[in-house]
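Student: after the sequence you'll find the predicted model.
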Amino acid sequence: MTVSLPLVFVLGVIAWAAIKFLGIRLWVAVVIALFGFWLSQTFLAGPIESGTRSGVDVVNGTND
């Protein structure tokens, strides 16, 4: 049986848990999210995306 979860859902759950249980303030999570949007417009977006894909492939065991 295969279960598929979007990465954004997993990151959202991690952010919620950090706010709820680690005491991270909501504004800090918002600043980090906005930084991610800003970073996606830079030259680093390609390497970050390919590194994320590679990491997900390793976890899934689908690397070639």
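Tutor: Sure thing, it's come through.
Student: CA atoms for contacts and neighbours, from now on please.
Tutor: OK.
Student: what helix or strand is the spatially most central residue of the chain on?
Tutor: Central residue check for the chain by C-alpha atoms, centre = their mean: the C-alpha nearest the mean position is that of Leu11, 4.7 Å away. Using DSSP states H and E, Leu11 sits within helix 7-21.
Student: for that helix, give me every contacting residue.
Tutor: With C-alpha atoms under 8 Å, 6 or more residues apart in numbering as the contact definition, helix 7-21 has outside contacts at 24-26, 29.
Student: could you list the buried residues of it?
Tutor: In terms of neighbour count (16 or more other C-alpha atoms under 10 Å), helix 7-21 has its buried residues at 15, 19.
Student: chain center to that helix: distance?
Tutor: Distance of helix 7-21 from the chain centroid (C-alpha atoms, centre = their mean, to the nearest Å) equals 9 Å.
Student: likewise for stretch 16-28?
Tutor: Taking C-alpha atoms, centre = their mean, one finds stretch 16-28 lying 16 Å from the centre of the chain it belongs to.
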